[in-house]
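[1] what's the 3D shape of this:
(chains A and B)
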Amino acid sequence: MRETFTQVTYLVASILFILGLRSLTKPDTARRGMHYAAIGMLLAIVGTLVQHEIVRYDWIAGGLIVGTIIGVPLGTEVPMTAMPQRIAISHMFGALAATLVGVAEYWLHGAGLGTAKMAAVGFEVLFGSLTVTGSFMAFGKLQEIITGRSVTYKGQNAVNITLFGATVVMFFYLLFDPGNTVIFYSMIGLALLIGVFMVLPIGGADMPVVISLLNSYAGLASAATGFAIGNNVLIIAGALDGASGFILSIVMSKAMNRSFQNVIFGAFGAAPTTSAKTASGLSVRSISAEDAAIQLAYAKLVIIVPGYGMAVAQAQHQVRELAELIEKKGGEVKYAIHPVAGRMPGHMNVLLAEANVPYDRLYDMEEINGEFERADVALVIGANDVVNPAARADKSSPIYGMPILNADKAQSIIVLKRSMNPGFAGIENELFYNDKTTLLFGDAKASLSKLVAEMKTV
Amino acid sequence: MNPTSFMQLYVFMLAAFVGFQIITRVPPLLHTPLMSATNAISAISLVGSLVAAGSDKGMVSTVLGFVAVTAAMANVVGGFVITDRMLKMFKHDPTPPKDSSKTANAKEAPAKDAKAPGAV
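    This next block holds a predicted model:
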């Protein structure tokens, strides 16, 4: 009877999880759907707690309480700009739980695990432990505890491939000799090292791919846990998580012009080569805030292109204020969001939503690219590579082929920029030297505040 | 391989297929909440952790289970709370973008003001 109850809660939880994710296809239904998913989680927990197998509750209660104490601030206190590192740390927690369950399973049964179970436990601890250290490294880089730059050394690929090969050999060895504890724990040790080495060569700009990939790994570790302990709801939730991370890493790698193989093998840290094209002999036109404000005030359609520079300057609220002033003058404002505009998939949308920008003003790259020709002004704020026309035309450019926002097609372009330093990829941007482009120099937040003040007087 | 393992593989495959179908339809707008949501959902590994911590099969298993319960619970609570916090921020604009004339905006401004001080 109890067993039936448990299984029913798992079944209902699985359904609610799938419905919850499905609700995320529309912003209006998303919140309610996720509430259902949370109810599903609660049911599954209750269903587990009443199982015969569970005979003592002291440690469970302790873990639940400590976990809640850690979880609440992770949910309520973390600022939206810190979302990437917060997600990275939760990948670490998820993978840690999966790994430890796997180790406990191995410790209990060891040699008694059959080949199939051993394979599941092996996968679980492999993916789990490399995600634990990998996510921690990603967290460290994003939080700037360790250098955000790409750390490379000679023979790096050889070291990584050797490590990876060694763990694969150990994994297969364990299938035939599950009782060999030395090999099992060495495999975990190596997987932990792989996590570190995998993320070490990755620079800050590539983080969206890494976070998505780690998301996928954490999901696979959860699914493997389900195989190991024979629990379908874990398999389902893990598969959903794994699929989601996988899709997001493909989306991200496409958006930043990385090949799919690069993503799978994690070897995407190569230092970017510098472009053949330089800007020597070209000059830029700067514009005053006053003139820019006049231009914006009389524009019928303004497309704002926010980049990470805007988020760093915490200028989202000034952007929204400016947009509202433009709308008051009768203009239309749209936001063009490049997939890698933030530090993780969809990050820029969250930052703008937090600043009370209605989501129906936020447009994806595909949706908005056709509209630039119609736009009177494209206002580029702290974005660089994602509007570089070299990606379309210049075959020698390292970003050639990367999908970009067609800001250069607008009638005029105003670029808010701190200085003339090149962007992340270290390449000059022809857009800045375009005849239609004017540059407003200064800190994004200060420039926007000036624009807002000028707009009020126009 | 025994029949159970095969059934599990079927479950995994079908779930992954459903996952692909659903997640490709999630707009980029909601990709960050999507990631935090899947993170919260995959913290269902809490279920496995609970069994390890509560089945009283030796101290090692219990302590590993305890740490696992803590980590997974942090993800359950933190994950669902932050996903909700993000989704709450995505608001529909009361004025359709096409008619954003002066009068329409002035009319809608008070409604928006409740959430956005200084928005006029």
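
[2] what about the strands in chain A?
    Remark: strands assigned in chain A by DSSP state E are A:301-306, A:332-337, A:362-364, A:377-381, A:412-417, A:437-441.

[3] could you identify which of the ones you listed is most buried?
    strand A:377-381 (a mean of 28; mean count of other C-beta atoms under 10 Å in any protein chain shown). C-beta here means a position set from N, CA and C on the backbone, and glycine is covered the same way.

[4] from chain A, how far off is the residue nearest the centre of chain B?
    When C-alpha atoms, centre = their mean is applied to chain B, the residue found nearest the centroid is residue B:37 (1.3 Å). Separation of residue B:37 from chain A (C-beta to the nearest C-beta, to the nearest Å): 6 Å.

[5] which stretch of helix or strand covers the nearest residue to that residue once chain neighbours are set aside?
    Leaving aside its chain neighbours, residue B:37 sits nearest to residue B:83 (4.8 Å; criterion: C-beta to C-beta, 6 or more residues apart in numbering or on different chains). Using DSSP states H and E, residue B:83 falls within helix B:59-89.

[6] pull the helix or strand with minimum mean pLDDT from chain A.
    helix A:260-265 (a mean of 57; mean pLDDT, DSSP states H and E).

[7] residues touching the residue nearest to the centre of chain B, list them.
    Counting by C-beta atoms under 8 Å, 6 or more residues apart in numbering or on different chains, residue B:37 makes contact with A:20, A:21, A:24, A:34, A:37, B:79, B:83.

[8] show me those residues that map onto helices.
    Using DSSP state H, A:20, A:21, A:34, A:37, B:79, B:83 are the members of these that sit in helices.

[9] ok, residue 13 - contacts?
    If you meant another chain, say so; for now it's chain A. So residue A:13 contacts A:40, A:41, A:43, A:44, A:47, A:233, B:44 (C-beta under 8 Å, 6+ apart).

[10] ah, I was thinking of chain B
    Applying C-beta under 8 Å, 6+ apart, the residues near residue B:13 are residue A:239.

[11] check residue B:49 too.
    Per C-beta under 8 Å, 6+ apart, neighbours of residue B:49: A:63, A:97, A:100, A:101, B:65, B:68, B:69, B:71, B:72.

[12] swap in 7 Å and give it another go.
    With contact set as C-beta atoms under 7 Å, 6 or more residues apart in numbering or on different chains, residue B:49 has these partners: A:97, A:101, B:65, B:68, B:69, B:72.

[13] quick one: buried ones out of the residues you listed?
    A:97, A:101, B:65, B:68, B:69, B:72 (16 or more other C-beta atoms under 10 Å in any protein chain shown).

[14] next, the contact list for the nearest residue to the fifth one once chain neighbours are set aside, please.
    Read it as residue B:69. Closest residue to residue B:69 apart from its sequence neighbours, by C-beta to C-beta, 6+ apart: residue A:63 at 3.0 Å. By C-beta under 7 Å, 6+ apart, the residues touching residue A:63 are B:53, B:66, B:69, B:70, B:73.

[15] I'd like the average pLDDT over stretch A:54-64.
    Model confidence over stretch A:54-64, given as mean pLDDT, is 93.

[16] surely residue A:222 and residue A:234 touch.
    Yes - taking C-beta atoms under 7 Å as the definition, residue A:222 is a contact partner of residue A:234 at 5.9 Å.

[17] those two: which has the busier surroundings?
    residue A:222 (34 against 30; other C-beta atoms under 10 Å in any protein chain shown).

[18] quick check: the more buried one vs residue B:14, distance?
    16 Å (C-beta to C-beta, to the nearest Å).

[19] over to residue A:301?
    As judged by C-beta to C-beta, residue A:301 and residue B:14 stand 46 Å apart.

[20] what about the closest residue to residue A:387 other than its chain neighbours, neighbour count?
    Closest residue to residue A:387 apart from its sequence neighbours, by C-beta to C-beta, 6+ apart: residue A:407 at 4.2 Å. Applying other C-beta under 10 Å, we find 28 residues neighbouring residue A:407.

[21] pLDDT below threshold where in chain B?
    Along chain B, segments meeting pLDDT under 70 span B:1, B:95-120.

[22] quick one: the helices in it, in order.
    Assigned by DSSP H, chain B shows helices spanning B:3-23, B:31-42, B:46-54, B:59-89, B:102-113.

[23] mind listing what's buried in the fourth one?
    By that I understand helix B:59-89. For helix B:59-89, using 16+ other C-beta under 10 Å, the buried residues are B:61-62, B:64-87, B:89.

[24] chain center to that helix, what's the gap?
    Remark: helix B:59-89 is offset 12 Å from the chain centroid, using C-alpha atoms, centre = their mean, to the nearest Å.

[25] cool, and stretch A:98-116?
    For stretch A:98-116 - counting by C-alpha atoms, centre = their mean - the centre lies 32 Å from the chain centre.

[26] residues contacting it, please?
    A:121, A:124-125, A:128-129, A:132, A:175, A:178-179, A:181, A:184, A:221-222, A:225, A:228-229, B:1-2, B:5, B:45, B:48-49, B:52, B:57, B:60-61, B:64-65, B:67-68.
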